[in-house]
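Colleague: Sequence first, then the predicted structure, then my questions.
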Amino acid sequence: MSDLPFRRVVVIGAGLMGTSVGLALRRAGVEVFLEDLDPANLRVAVSLGAGKPLLTDAGTAAETEAEVDLAVVGVPPAALGRVIADALARFPAATVTDLGSVKAAPLTDAGTHAAASLDRYVGGHPMAGSEHSGPLAARADLFDGRAWAVTAHPQSRTDAVETVEALALACGAFPVRLTPAQHDERVALVSHLPQVASTVVAGMLTGAAEDHLVLAGQGLRDVTRIAGGDPELWTQILSANAEPVARLLHEVADKMHQAALTLEKLEPASSAVDDLRRSLERGVTGVGRLPGKHGARPGVFAAVPVPLPDQPGELARLFADVSAAGVNIEDVRIDHSPGTPAGLVELSVHQGAVPALLEALARHGWDVHG
């Protein structure tokens, strides 16, 4: 990507997100330098090929800091404002952006620490991640097809905004322009509220008897998966975006209370049955509104379940057989069967591809049913 508006990029913070940015930019042929307060994180990120250390063993910069075109700050939310201000001072010719989950609070904090204008700073937030943390969880394709919020403020230079949008595109994402306040309102609904809801449900499992948990299926795992995120990181995120998240939680609590009242007065011929059905239908409608690939409207997909022996190489064999049939897998879920040497793989494919897929899988010996 020789037409990119940056040649040398510094990534400050070699955790999951920063290392993934480094890997994505290296994939695009960009020269990347890395910095992290934790020497172990830095060593791992460098060993993965995410970039070179910014500082030499002697503590001097491997590159003249004035020659850095773009600085990407990937530190925890509580430190974002200070590190953004520091990056603006250290890299005087660079556009500065960040990867933080909250935008308004770090912008305000950066303003209190910065010695000069924030015109070279443009906030950024790739809408991708994992319940795992650290550089070992990083991937070059983490941002592929994902939205990347670009949150300019009134003083942001036009060329700085364009540079951050180019960063998103170079990492495989598609940029979405928002103000910092708009961003925080929207991620409160699509990211922070689900995290709290998942955490509450998972927390209820701590007092459950073992013979209850043995019945857990994929539905519970789906709901609680993101509850495995780093508690310290999420404490900082939720604290920085507390007001909009609290408002949504009150709304959810009201709806949950109404659902409980509906269930309490449920009788076969009562109007409560209709209320319950409408509530469930509203949930189906909400799921249907979630965007598909690259933020586009979702297609109509069909789920094809395939029993999978719990043996090495079976998943790879299944994917190879699907590929040989010329069918693209839009999504995949794996449901493990407790106590049995098998699982169930659910392949999401376009509705029109189902007949050919079923025929091909049956021909290769897979146990499928139309």
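Modeller: In hand now; what should we look at? Numbers count the residues shown, from 1 in each chain.
Colleague: CA atoms of the helix or strand of the chain with the lowest mean pLDDT as CSV?
Modeller: Comparing helices and strands within the chain by mean pLDDT, DSSP states H and E singles out strand 331-336 as the least confident, with a mean of 78. Output in CSV follows, covering the C-alpha atoms of strand 331-336 (Å, rounded to 0.1, in the frame of the first residue of the first chain):
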residue,chain,number,x,y,z
ASP,A,331,-20.5,-18.2,10.1
VAL,A,332,-19.7,-21.2,12.2
ARG,A,333,-20.7,-22.4,15.7
ILE,A,334,-19.4,-25.4,17.5
ASP,A,335,-21.5,-27.0,20.3
HIS,A,336,-19.5,-29.4,22.4
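Colleague: quick one: strands adjacent to it?
Modeller: The sheet places strand 331-336 alongside strand 342-350 (antiparallel), with pairing taken from DSSP bridges.
Colleague: I'd like to check what contacts the partner strand. Which residues are they?
Modeller: Residues outside strand 342-350 that contact it (C-beta atoms under 8 Å, 6 or more residues apart in numbering): 299-310, 315, 318, 322, 327-337, 357. C-betas here are computed from N, CA, C, even on glycine.
Colleague: Then stretch 79-86?
Modeller: Stretch 79-86 is touched from outside by 12-13, 73, 75, 96, 98, 100, 105-115, 121, with contacts defined as C-beta under 8 Å, 6+ apart.
Colleague: of the residues you listed, buried ones?
Modeller: Buried residues within the contacts of stretch 79-86, counting neighbours by 16 or more other C-beta atoms under 10 Å: 12-13, 73, 75, 96, 98, 100, 105-107, 109-111, 114, 121.
Colleague: Check these and tell me the two furthest apart.
Modeller: The distance between the two most remote of those (C-beta to C-beta) is 20.4 Å, for Gly13 and Gly111.
Colleague: Please report how far His257 lies from Leu263.
Modeller: In this structure, His257 and Leu263 are separated by 11 Å, where distance is defined by C-beta to C-beta, to the nearest Å.
Colleague: Checking the spatially most central residue of the chain next. Helix, strand or coil?
Modeller: Centroid-nearest residue in the chain: Ala128, 2.1 Å away (criterion: C-alpha atoms, centre = their mean). Classification of Ala128 into helix, strand or coil gives coil, according to DSSP: H, G, I helix; E, B strand; the rest coil.
Colleague: contacting residues for it?
Modeller: With C-beta under 8 Å, 6+ apart as the criterion, the residues that contact Ala128 are 20, 142-143, 146, 173.
Colleague: Most neighbours among the residues you listed, which one is it?
Modeller: Each of the contacts of Ala128 was scored for neighbours by other C-beta atoms under 10 Å, and Ser20 scores highest at 29 neighbours.
Colleague: Does that residue lie in a helix or a strand, and which?
Modeller: Mapping Ser20 onto the secondary structure by DSSP states H and E places it in helix 16-27.
Colleague: got a list of contacts for the helix or strand just after that helix?
Modeller: Using DSSP H and E, the next helix or strand after helix 16-27 towards the C-terminus is strand 31-35. Surrounding strand 31-35, the residues in contact under the criterion C-beta under 8 Å, 6+ apart are 7-14, 18-19, 22, 25-26, 42, 45-46, 50-55, 62-63, 68.
Colleague: and stretch 202-221, what's its mean pLDDT?
Modeller: The pLDDT scores in stretch 202-221 average 88.
Colleague: Alpha carbons only: can I get it in CSV?
Modeller: Extracted in CSV, the C-alpha atoms of stretch 202-221 (Å, rounded to 0.1, in the frame of the first residue of the first chain):
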residue,chain,number,x,y,z
ALA,A,202,-22.2,-15.4,34.5
GLY,A,203,-22.1,-14.2,38.0
MET,A,204,-25.3,-16.1,38.9
LEU,A,205,-23.4,-19.3,38.0
THR,A,206,-21.0,-18.9,40.9
GLY,A,207,-23.7,-20.2,43.3
ALA,A,208,-25.1,-22.9,41.1
ALA,A,209,-24.7,-26.6,42.0
GLU,A,210,-22.4,-28.7,39.8
ASP,A,211,-25.3,-31.0,38.8
HIS,A,212,-27.0,-27.8,37.4
LEU,A,213,-24.0,-26.7,35.4
VAL,A,214,-23.6,-30.1,33.7
LEU,A,215,-26.8,-29.3,31.8
ALA,A,216,-25.3,-26.1,30.3
GLY,A,217,-25.5,-25.9,26.5
GLN,A,218,-24.3,-23.6,23.8
GLY,A,219,-26.9,-21.0,24.6
LEU,A,220,-25.5,-20.3,28.0
ARG,A,221,-22.0,-20.3,26.6
